[in-house]
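1. Show me the folded form of this:
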Amino acid sequence: MVIRTDSPVAAAASPTPRDILCPILSLANNMGASQSEHEFKDLAERTGFSLDQIKNLHQRFKWLTNHQETLRQEDFEKVSHLSLNPIKGQIVKAFFDKRNFGKHEVGLVEEIGFEEFLMVMSHFKLPNKKLTDEDTEDVRTEKLRFLFNMHDTDNDGTITLEEYRHLVEKLLSTCETLEQDTSLAIADAAMLEVARITVGHMEPHEVYEGITFEQFQQILKGVQIETKMNVRFLQMDTTTMRCGK
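-> Numbers count the residues shown, from 1 in each chain. The predicted structure is shown next:
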């Protein structure tokens, strides 16, 4: 895909990292026991969750699955807040994306168990205050990788212009007065800005392939993802949950 540097763009702001994060975090309000204490302790060691947090999440999982052993994409229809989310499809798929299970695998699965559910939810856990700077950076990288995977839908290691256009269209779909050509122009303008930041000057004939993970990290360098992308798992039964200031 060729992005021309002389193409006209709409004079509107492109979605910010906060616009992408908030729809994801809003899902946790509606999510969640037969597993043994030993199994929970093993999961606690692997995810960093406390036993109380795991028990709380297990209750959410059983509610979603109607007390079945596995969770399917259609089970997320029970989450009423999610139906209003413009990127509902991408959020749901993140729970079935093998890249988010911590096993270095790729592809989508049709259903997941509680272990996989917990591994995905662990991306929203606040980092331990006792972590070293190196460990905190690792947590940040994992959270950024999770976000990157959501938008790199074909798993080619790049968020292409088409993938970014799709994201922008979804995020702006609730604005009824905004025409499709305008949302595409906003996406093109945002991608050009990324190219300017990460690549530098581009000639009109040059091709910008898309955003790599390294560039994604560079773009969000000033955003404290490690603390902003979190859910308080012992307070998930509240009726509303908003992104923090």
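
2. Number of residues surrounding Gln224?
-> Neighbours of Gln224 under the rule other Cβ atoms under 10 Å: 9. From N, CA and C alone the C-beta is placed, and that goes for glycine too.

3. what's the spacing between Phe76 and Phe101?
-> Noted for Phe76: a distance of 17 Å to Phe101, by Cβ to Cβ, to the nearest Å.

4. Could you do Glu111 as well?
-> 13 Å.

5. Of those two, which one has the most company?
-> Phe101 (18 against 14).

6. Is it correct that that one is in contact with Leu118?
-> No: checked against Cβ atoms under 8 Å, the pair Phe101 and Leu118 is beyond contact range at 9.9 Å.

7. Common neighbours of those two, please.
-> Listed as contacting both Phe101 and Leu118 by Cβ atoms under 8 Å, 6 or more residues apart in numbering is no residue at all.

8. who does Thr212 bridge with?
-> Thr158 (DSSP bridges).

9. Do I have it right that it meets Asp152?
-> No: between Thr212 and Asp152 there is no contact under Cβ under 8 Å: 9.5 Å.

10. more neighbours, those two?
-> Shown here are Thr212 and Asp152; by other Cβ under 10 Å, Asp152 has more neighbours (21 against 15).

11. Now the more buried one, what are its backbone angles?
-> phi -90, psi 80 (degrees, to the nearest 10).

12. pretty sure it is touching His166, no?
-> No: using Cβ under 8 Å, Asp152 is not in contact with His166; the gap is 11.6 Å.

13. quick one, strands of this protein?
-> 71-72, 111-112, 158-159, 211-212 (DSSP state E).

14. would CSV of the ones you listed with mean pLDDT be doable?
-> What follows is the strands of the chain, written out as CSV (pLDDT from 0 to 100):
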stretch, mean pLDDT
strand 71-72, 96
strand 111-112, 97
strand 158-159, 90
strand 211-212, 88
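
15. Just name the most buried of these.
-> When these are scored by mean count of other Cβ atoms under 10 Å, the highest mean neighbour count falls to strand 158-159 (a mean of 21).
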